[in-house]
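# Need coordinates for the below:
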Amino acid sequence: MATHLTERDNGPAHSTTASPHTLNVPALVQWLSPRVAGVDHRLQVQRMDGGQSNPSWLLTCADHAWVLRAKPAPVASLLPSAHAIERECRVLQSLQGTAVPVPTVRALCEDESVIGVAFYVMDFVQGRIFRDATLPEVPAPERASYFMAANRVLADLHAVDWRARGLADFGRHDSYCQRLIRRWSQQYRATCQTTVPAMEHLMAWLPNHIPAGADTPDHTCITHGDFRLENLMFHPTRPEVVAVLDWELSTLGHPLSDLAYNCLAWHMPSGILRGHGDQRLAALGLPSEHAYVARYCEHTGLDTAQVLKDWPFYLALNLFRLSAILQGIGHRQREGTASNPTAADIAAMAPAVANRGWAIAQGQATALTPHALAA
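Just a heads-up that it's a prediction; the model follows:
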């Protein structure tokens, strides 16, 4: 099941709850029944818990189960390019049969007259989602293996031949970092209520510190855009990723930007931002950021020393981006379209995240570098 990682608590992936945000079930059945085998008038619908992004519903009928993922309503309040259901659906279909595990998509409906918004339906995948990045449900000696399973899948994603998969027009093939900075600067401007000084500083600093060669087509790959443990479905009993979830922010981009976003957990505190940067990693059985980055480099053949040299830029870039995303959550909360009741608290973390990014950019906070590793 592909649902936003923050939509459920830890535990079985089928946890659902009743919701005031209901679907027009008769209209849904009428549209789905000729397109998805197993759907009939017995279809049961339950809204899935929370979420900051596109809302999801569990659909069941007899012994079949699917997940419906839709744009939030009302569509008129959305930012340009936000909640790209059609893009999610397309990349899921393109990755079928690759080393990247994704749910099978059964139908895409772009006709908003059916239930009021565009949506797609995919197979339900049984497994576990870990909301707490320290993996308290897993014995400490086994935790690192879950991180490294995620690491392997991210490397596999970046190795996918996107041209052969029909994704040559899924995004531009160059200037990714410049475009990322520009896009999230625009989103920040469109959603902020008050100026955040660190965001203003980063908007000026980032374009002038893009690593040499980073924006050339040679580095282009499929990027997930929100790759973290909470967006992965793991096998019920072993460290194996059975589905990568929430592809809303996927595009063609730079692999190290995707990796750095994945590594933000090492720079975020526990609690609302669900990191583990304030934890004793060795005592918890969690890998260090260096070990995680080095393993990725082993999988991809990249030079670890060169990756670490450019690492502060990619961290700062992604903290800037994350701050803008958090502000977008706050915007949806103010507009009444946020899916999670804690959206306001989460959005309130945006300035602190930006401050962290600016500190790393200025060398005033720890970023993973060869010097730091040698210390």
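
# Show the pLDDT at the closest residue to C61 other than its chain neighbours.
Using CB to CB, 6 or more residues apart in numbering and skipping the chain neighbours, the partner closest in space to C61 is L43 (4.7 Å). In this view, the C-beta of every residue, glycine as well, is placed from N, C-alpha and C. Note on L43: pLDDT of 97.

# Going forward, count from 326.
I'll keep to 326 as the first residue from here, and by that count the last item is L368.

# Can you get me a residue count around L368?
Neighbour count of L368, defined by other CB atoms under 10 Å: 21.

# the domain parsing of the protein - what is it?
When the chain is parsed with automatic domain parsing, its domains come out as 330-452, 454-699.

# rank the ones you listed by mean pLDDT and give me the bottom one.
Note on the domains of the chain: lowest mean pLDDT is at domain 330-452, with a mean of 81.

# Now do it: distance to the chain's middle.
The chain centroid and the centroid of domain 330-452 are separated by 17 Å, computed with CA atoms, centre = their mean, to the nearest Å.

# need the contact list for F559.
Contacts for F559 (CB atoms under 8 Å, 6 or more residues apart in numbering) come out as G452, R453, I454, F455, Y471, A474, E565, V566, V567.

# go again using 7 Å as the cut-off
With contact taken as CB atoms under 7 Å, 6 or more residues apart in numbering, F559 is in contact with G452, R453, Y471, E565, V566, V567.

# do A690 as well
Taking CB under 7 Å, 6+ apart, we find A690 in contact with R681, A684.

# Show me where this structure has its helices.
For the chain, applying DSSP state H gives helices covering 350-357, 410-419, 465-484, 501-516, 522-530, 580-587, 606-609, 614-625, 629-660, 668-672, 675-686, 695-699.

# Now tabulate those in JSON lines and tack on distance to S381.
Converted to JSON lines, these look like this (distance: least, CB to CB, whole Å):
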{"stretch": "helix 350-357", "distance to S381": "14"}
{"stretch": "helix 410-419", "distance to S381": "11"}
{"stretch": "helix 465-484", "distance to S381": "21"}
{"stretch": "helix 501-516", "distance to S381": "23"}
{"stretch": "helix 522-530", "distance to S381": "30"}
{"stretch": "helix 580-587", "distance to S381": "22"}
{"stretch": "helix 606-609", "distance to S381": "30"}
{"stretch": "helix 614-625", "distance to S381": "29"}
{"stretch": "helix 629-660", "distance to S381": "16"}
{"stretch": "helix 668-672", "distance to S381": "16"}
{"stretch": "helix 675-686", "distance to S381": "24"}
{"stretch": "helix 695-699", "distance to S381": "40"}
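
# for those helices, which one sits closest to P561?
For the helices of the chain, the distance to P561 is smallest for helix 465-484, at 12.7 Å, taking CB to CB.

# which parts of that closest one are buried?
If you call a residue buried by 16 or more other CB atoms under 10 Å, then helix 465-484 has these buried ones: 468-469, 471-484.
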